[in-house]
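>>> based on what follows, work out the 3D shape:
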Amino acid sequence: MKLASNKLLLAAAISAVLAGCDSGGITIAPETNDNSTNNGGGQVEVPGDSYDGPCASYEKEDGTIAHGDYNEAQGNCVYQRSFVDAGNPLMQDITLATLAGNGAHVFTGSLVVGKNYSSQAELDAAGIAKGGDGAVLTIEPGVTVAFNSAAESLVINRGSQIFAEGTSAAPIIVTSLSDVNGEITNPEAVGEWGGMVVNGFGVTNKCEYTGSVDAGDIAQVGECHVDVEGLIGDAISNYGGDNNEDNSGVLRYFIVKHTGFDVVPGNELNGITFGAVGSGTVLENIQAYSTQDDGVEFFGGSADLTNYVALYVNDDSIDLDEGYRGTITNSLVIQGGREGANCIESDGIGSYSSKSADVIADFIARGLNSRPVIDGLTCIISPVAGTDDEGAGWRFREAIYPTITNSMVVASFIGAENGSDNYCVRLENDTLQGAQDGDVVMKSNIFACETKTKGGVLPNNQTVEAWAAANGNVFAEAFPTAGAAYNPTAAADTGLQILGGSPLPIFSLDTASMLVDGAAVTLAPENDRGFIGALSESSDAGDWTSGWTVGLDTIDWLTQ
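Residues are numbered from 1 along each chain as shown. Model prediction:
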């Protein structure tokens, strides 16, 4: 999690320069006033009421048709800033269609769907209800969407929707022009384009409410328009409301690559930011690949995420905040050998440090604190202290009450730890009270880190390790001598055998075959799941990462 970023506008000059250059693959033609039809002139409008090319189009108020510029030789559609940009959002539905020859839809500006409204009066005047009525972006299977520079992002504003339904054989990829042109040689490259934002009308505890989330009578008091991280000026986007069933669309077999850009140190967009996105939104089979900030971050809302892969995420792979109430099922997190912070970093209450004890207690009593449900998570964390923090497991703080089951954190097998922050579990402040009271649930999890826990102790002076062990979790005790690599797979003759071999897939072993400290694991998976971790060869789901993910077929996670 980062502070709000000032990224997009400060880097706009980069985009303007690149827009007129031949980048070695796709040619970004300069925008002209030529409205005639051609295959490379950069036109964005034609007179009349029709356009039959392969690029996306819409009718403008003056009756002209705005559309992308199709380059037949390259097979790509290029969209100038007059088609869409941060200060020129899409107000009509468009479709990014599958292009012949795997061509890409390239945007020289940001792709902003729907106008942002920062007051209830503006929302009412525009007829934007709490659950739709704005512009819709549809992306067909197999489409690649590319952005020209780090200044540009993909933003879905409140009331608008995105329907990006890829398939295992034809995933949808959102990346940079440099990636499309084959100019990226380091798979861990980040900062090539901004990132993605989806905003909804769900509950965020940065706003004021009456009622209780669990009682179903939550109601917004006054205005609720929280600025999303990483966007300023014309790009500002707000989220928040009182509809946790809001529907922002569908992301399925969807990949974001090479995101993030530091304009102010420490401030950048995530791979995908979900601002108060509701449970009506479908999020399935999503990958964050090489992101400078978090892989995915949920600010409030109640959207569920199923089948998530995070590879080479420099900061937190999963970040939860502001009263998030969704479920995250089946997640595989592999940190890079040189970067990585927390597998999970999570907070219960936004702006926690500014809240009084009475306000915090009231938020908890009304279910306004974050209460995620996480099941089937495999975290393989790096011991290296990179740009952000040392690789670590799960950090729960500021009155978050998670339920996390059938999961594992494995660390320190790549090499020696850099310090004391390669912990598996960290509980802090009001979350410690929640653990003592039974509101924080951890069960049937395996932890293999030399630094087992960090943070405080429970109010009754019980340690986090003792509390977790007493509640059906297992900690590995034996580790190799300092500097030695550690292999937690069945292929190695060690006392820790919980995963399949390398390279991928990283299947969890059957529970009956697992060893921790040379002894059989006696944990029974919860919820009739049948296995611990993200993947199991014996499960009906099998290898749900196969065929559509990026990088998992080449990474050797034991030696990186």
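>>> and the contacts of stretch 530-538?
By C-beta atoms under 8 Å, 6 or more residues apart in numbering, the surrounding residues in contact with stretch 530-538 are 330-332, 376-378, 406-408, 444-446, 498-500, 505-508, 510-511, 514, 523, 525, 539, 541-545. Just so you know, the C-beta spots here come from the backbone N, C-alpha and C atoms, and that holds for glycine as well.
>>> buried ones in whichever strand or helix holds Leu123?
Take DSSP states H and E as the rule and Leu123 turns out to sit in helix 120-126. By 16 or more other C-beta atoms under 10 Å, the buried positions in helix 120-126 come out as Leu123.
>>> likewise for stretch 237-247?
Those would be Ser237, Asn238, Tyr239, Gly240, Gly241, Asp242, Asn243, Asn244, Asp246, Asn247, for stretch 237-247 by 16+ other C-beta under 10 Å.
>>> quick revisit: how distant is the helix or strand just after the helix holding Leu123 from the center of its chain?
Counting by DSSP H and E, the element after helix 120-126 in chain order, helix or strand, is strand 136-139. Strand 136-139 has its C-alpha centroid displaced from the chain centroid by 19 Å (C-alpha atoms, centre = their mean, to the nearest Å).
>>> need the next SSE after strand 136-139, C-terminal direction.
strand 144-147.
>>> show the end-to-end separation of stretch 105-125, please.
33 Å (C-alpha to C-alpha, to the nearest Å).
>>> return the distance of it from the chain's centre.
21 Å.
>>> any idea of the mean pLDDT for it?
For stretch 105-125, the mean pLDDT works out to 96.
>>> of the buried residues of stretch 237-247, closest to Thr95?
For those, the closest approach to Thr95 (C-beta to C-beta) belongs to Asn247, at 18.6 Å.
>>> got a pLDDT number for that closest one?
Reported pLDDT for Asn247: 97.
>>> shouldn't it be in contact with Lys130?
No: the criterion here is C-beta atoms under 8 Å, and Asn247 misses it with Lys130 at 10.2 Å.
>>> centroid residue for this structure?
Val296 (1.7 Å; C-alpha atoms, centre = their mean).
>>> now that one, nearest residue through space, not along the chain?
Distances taken as C-beta to C-beta, 6 or more residues apart in numbering place Ile272 nearest to Val296, at 5.0 Å, with adjacent residues excluded.
>>> that neighbour: what's it in contact with?
Contacts of Ile272 by C-beta under 8 Å, 6+ apart are Gly195, Met196, Val197, Val198, Leu251, Val256, Ile286, Ala288, Gly295, Val296, Glu297.
>>> neighbour-wise, which one of those residues leads?
Among the contacts of Ile272, the one with the most neighbours (other C-beta atoms under 10 Å) is Gly195, at 35 neighbours.
>>> surely it touches Val256?
Yes: counting by C-beta under 8 Å, Gly195 does reach Val256; the two are 7.1 Å apart.
>>> can you pull the residues that touch both of these two?
Common neighbours of Gly195 and Val256 (criterion: C-beta under 8 Å, 6+ apart): Gly271, Ile272, Thr291.
>>> could you point out which of the residues you listed is nearest to Cys207?
When these are compared against Cys207 (criterion: C-beta to C-beta), the nearest one is Ile272, at 21.9 Å.
>>> tell me what that closest one is bridged to.
Note on Ile272: beta-bridge partners by DSSP bridges are Met196, Val296.
>>> from here on, call the first residue 14.
OK, 14 is where the count begins now, so the last one is Ile285.
>>> got the confidence number for it?
97.
>>> hang on, isn't the residue nearest to the centre of the chain packed against Gln300?
No: judged on C-beta under 8 Å, Val309 makes no contact with Gln300 at a distance of 9.9 Å.
>>> how much space separates Pro415 from Ile373?
17 Å (C-beta to C-beta, to the nearest Å).
>>> looking at the two, which is more packed in?
The neighbour comparison of Pro415 against Ile373 (other C-beta under 10 Å) goes to Pro415, with 26 against 19.
>>> what is the neighbour count of Gly508?
15.
>>> now do the strands in the stretch 14-163 of the chain.
Using DSSP state E, counting those that start in this stretch, the strands found in the stretch 14-163 of the chain span residues 58-59, 70-72, 78-80, 82-84, 89-92, 107-109, 117-120, 124-126, 149-152, 157-160.
>>> so which elements touch the fourth one?
In other words, strand 82-84. Strand 82-84 sits against strand 89-92, with contacts defined as 3 or more C-beta pairs under 8 Å, 6 or more residues apart in numbering; DSSP states H and E.
>>> and if you look at the third one?
Applying 3+ C-beta pairs under 8 Å, 6+ apart, one finds that strand 78-80 makes contact with strand 58-59, strand 70-72.
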